[in-house]
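Undergrad: sequence first, predicted model second:
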Amino acid sequence: MSYIVGDPVRVDIPDETNPYHLLHGEEGFVLDSMEDGYRIGLIEVPVTFFAYPREVRPSLRMY
């Protein structure tokens, strides 16, 4: 699945060895779409980060 800027997403990083696993389940929005991934801005955690397409899913909430 591909996303565009503004799409709501949920972080899906179940691998506990991944340093970003702590963000698993957090909700956010696509801030930028790049060739190999997305810049995600989270709602509850004041952070932005790069995520590969396999690390995000559609949001469970309706914004």
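TA: All right, it came through fine. Residues are numbered from 1 along each chain as shown.
Undergrad: just say helix, strand or coil for residue 49.
TA: strand (DSSP: H, G, I helix; E, B strand; the rest coil).
Undergrad: give me the distance between it and residue 39.
TA: 7 Å (C-beta to C-beta, to the nearest Å). Backbone N, C-alpha and C define where each C-beta goes, glycine included.
Undergrad: tally of neighbours for the residue lying closest to residue 23 once chain neighbours are set aside?
TA: In this structure, residue 23 finds its nearest non-sequential neighbour in residue 11, 4.6 Å apart by C-beta to C-beta, 6 or more residues apart in numbering. By other C-beta atoms under 10 Å, 21 other residues sit near residue 11.
Undergrad: now residue 20
TA: Neighbour tally, residue 20, other C-beta under 10 Å: 16.
Undergrad: the one 10 residues further on too?
TA: By the criterion of other C-beta under 10 Å, residue 30 has 19 neighbours.
Undergrad: ok, it touching residue 2?
TA: No. The pair residue 30 and residue 2 does not pass the contact test of C-beta atoms under 8 Å, sitting 9.8 Å apart.
Undergrad: pull the longest strand from this protein.
TA: When the chain is parsed with DSSP state E, its longest strand is strand 27-33.
Undergrad: who does that strand pair with, and is each partner parallel or antiparallel?
TA: strand 8-11 (antiparallel), strand 38-42 (antiparallel) (DSSP bridges).
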